[in-house]
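Chemist: No sequence on hand, only this structure:
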Ligand SMILES: [Zn+2]
């Protein structure tokens with residue numbers, strides 16, 4: 001089933017996670033010349049990079065979408081440009097796009113934290129986490145988003161993030177590809193009218209995603225965080241939805257997750273435009289399985305380990321962080337040991353069965369992986385200072 005012919009809208013300027021502000025500006029300039037869109041500079045980052053808002057549609061329902069307030073969370077930015085391409089197109093989806101543009105006015109702010117994106121880091125150039133700055137309001141990027149919100153008074157807000165690829169979905173133990181939340185307004189879980197509408201959108205998105213990623217849709221932590229933008233907007237009566245793109249096996253550059261983000265947003269706009277976000281039962285939302293952590297990047301099962309108490313069998317769970325290579329062009333994976341012992345209840349993106357091969361060198365939790373696993377024919381697997389060596393079975 002393909003509800004929307006996505007491939008014709010995919011913005012081909014973006015092919016991986018590491019694009020910078022310059023690429024975003026270049027794409028924005030393409031839309032500036034199109035009369036359908038209204039583009040304006042809304043402010044600048046700490047280091048003086050322009051942050052723009054692109055608006056489309058003339059409807060009563062106002063929707064504000066922003067992405068990449070954390071500089072190393074770029075999936076939503078790519079999806080925003082795919083959506084702009086969708087609205088620009090003239091094809092057999094005209095009924096849908098006209099219905100949305102007639103009923104809604106959409107405002108998009110791609111890459112709210114361009115200084116962070118430049119370094120592929122979470123925080124802005126002041127070292128501030130923008131999503132913890134909505135009480136103190138110290139970062140110019142925070143003030144910019146608040147100013148736009150005060151100016152346009154959105155009915156709905158979409159807060160686009162990327163979560164750790166190590167989140168799994170409770171129950172399925174699969175990677176949480178997309179996690180959703182209607183952020184709370186207090187620590188009692190009160191359902192205000194604004195939050196009720198956000199919950200209806202999340203419920204509808206959750207049902208839609210079942211066709212694409214069953215078992216891989218999570219509900220983000222419901223804990224109240226008063227300093228975050230989602231809670232702040234929800235408190236002020238804007239129906240706010242958090243969308244977190246996580247991990248999906250084989251989608252290292254998040255290109256499938258970007259497509260899912262596009263589908264999530266377009267589906268949401270369609271629901272809002274058709275005014276189907278009512279006062280339905282919230283039990284589906286409450287039953288969306290929570291994010292949890294039962295997932296490694298790599299799990300090595302069944303190693304034979306020599307201990308003072310004799311031989312034991314153990315599994316090794318490893319996670320990687322990404323470090324830029326010397327040229328700063330690509331990232332290498334540096335593995336650390338996260339856990340050791342019986343990890344039979346855990347899942348992983350990659351599972352290697354060591355087949356009772358012997359572990360050489362003790363594994364040290366939280367340290368960069370440095371060990372060998374050998375069978376009688378030679379190395380099965382080898383790590384040096386966190387870097388996985390070539391698989392050399394049978395030497
Ligand atoms: Zn984030």
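Modeler: Thanks, I have the structure now. The model shown is predicted, which means the values in this text are computed figures rather than measured ones. Residues are numbered from 1 along each chain as shown.
Chemist: Residue numbers of the stretch 1-150 of the chain in contact with the ion?
Modeler: Residues of the stretch 1-150 of the chain lying near the ion by CB under 5 Å from the ion: 70, 73. Yep, even glycine has a C-beta here, placed from its N, CA and C like the rest.
Chemist: Strands of the stretch 1-150 of the chain, start to end?
Modeler: 37-44, 50-56, 61-67, 104-109 (DSSP state E, counting those that start in this stretch).
Chemist: Let me have those strands in TSV, adding mean pLDDT and distance to residue 268 as columns.
Modeler: Formatted as TSV, these follow (pLDDT from 0 to 100; distance: least, CB to CB, whole Å):
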stretch	mean pLDDT	distance to residue 268
strand 37-44	97	20
strand 50-56	98	15
strand 61-67	98	8
strand 104-109	98	10
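Chemist: Figure out which of those strands is closest to residue 218.
Modeler: Among the strands of the stretch 1-150 of the chain, the nearest to residue 218 by CB to CB is strand 61-67 (19.6 Å).
Chemist: Tell me what angle the closest one forms with strand 104-109.
Modeler: 20 degrees (axes from the mean of the first three to the mean of the last three CA atoms, to 10 degrees).
Chemist: and strand 61-67, which strands flank it?
Modeler: If you go by DSSP bridges, strand 61-67 pairs up with strand 104-109 (parallel), strand 156-162 (parallel).
Chemist: would you turn the strands of the stretch 1-150 of the chain into JSON lines with mean neighbour count?
Modeler: Putting the strands of the stretch 1-150 of the chain into JSON lines (neighbours: other CB atoms under 10 Å) gives the following:
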{"stretch": "strand 37-44", "mean neighbour count": "15"}
{"stretch": "strand 50-56", "mean neighbour count": "20"}
{"stretch": "strand 61-67", "mean neighbour count": "24"}
{"stretch": "strand 104-109", "mean neighbour count": "24"}
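Chemist: circling back to that earlier point, could the strands paired with strand 61-67 go into a markdown table alongside distance to residue 185?
Modeler: Formatted as a markdown table, the strands paired with strand 61-67 follow (distance: least, CB to CB, whole Å):
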| stretch | distance to residue 185 |
| --- | --- |
| strand 104-109 | 23 |
| strand 156-162 | 13 |
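Chemist: Show me this structure divided up by domain.
Modeler: Split into domains by automatic domain parsing, the chain comes to 6-292, 295-388.
Chemist: Please identify the deepest-packed of those.
Modeler: domain 6-292 (a mean of 19; mean count of other CB atoms under 10 Å).
Chemist: Regarding residue 256, what is its secondary structure?
Modeler: Here residue 256 is recorded as helix under DSSP: H, G, I helix; E, B strand; the rest coil.
Chemist: for the residue lying closest to residue 189 once chain neighbours are set aside, phi and psi?
Modeler: What sits nearest to residue 189 in space, not counting adjacent residues and going by CB to CB, 6 or more residues apart in numbering, is residue 222, at 6.8 Å. With angles defined as degrees, to the nearest 10, residue 222 sits at phi -90, psi 0.
Chemist: Pretty sure residue 222 sits against residue 182.
Modeler: No: under the criterion of CB atoms under 8 Å, residue 222 is not in contact with residue 182, lying 9.0 Å apart.
Chemist: and the lowest-mean-pLDDT helix or strand in the chain, what other elements does it pack with?
Modeler: Ranking every helix and strand in the chain by mean pLDDT, DSSP states H and E puts strand 378-384 at the bottom, with a mean of 86. When contacts are defined as 3 or more CB pairs under 8 Å, 6 or more residues apart in numbering; DSSP states H and E, strand 378-384 sits against strand 347-360, strand 371-375.
Chemist: would you turn the ones you listed into JSON lines with mean pLDDT and distance to the ion?
Modeler: Below are the helices and strands packed on strand 378-384 laid out as JSON lines (pLDDT from 0 to 100; distance: least, CB to the ion, whole Å):
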{"stretch": "strand 347-360", "mean pLDDT": "94", "distance to the ion": "21"}
{"stretch": "strand 371-375", "mean pLDDT": "91", "distance to the ion": "33"}
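Chemist: Format those strands as JSON lines; extra columns: distance to residue 123.
Modeler: Formatted as JSON lines, the helices and strands packed on strand 378-384 follow (distance: least, CB to CB, whole Å):
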{"stretch": "strand 347-360", "distance to residue 123": "27"}
{"stretch": "strand 371-375", "distance to residue 123": "34"}
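Chemist: Tell me which of these sits nearest to residue 121.
Modeler: Here strand 347-360 is closest among the helices and strands packed on strand 378-384 (CB to CB), at 23.6 Å.
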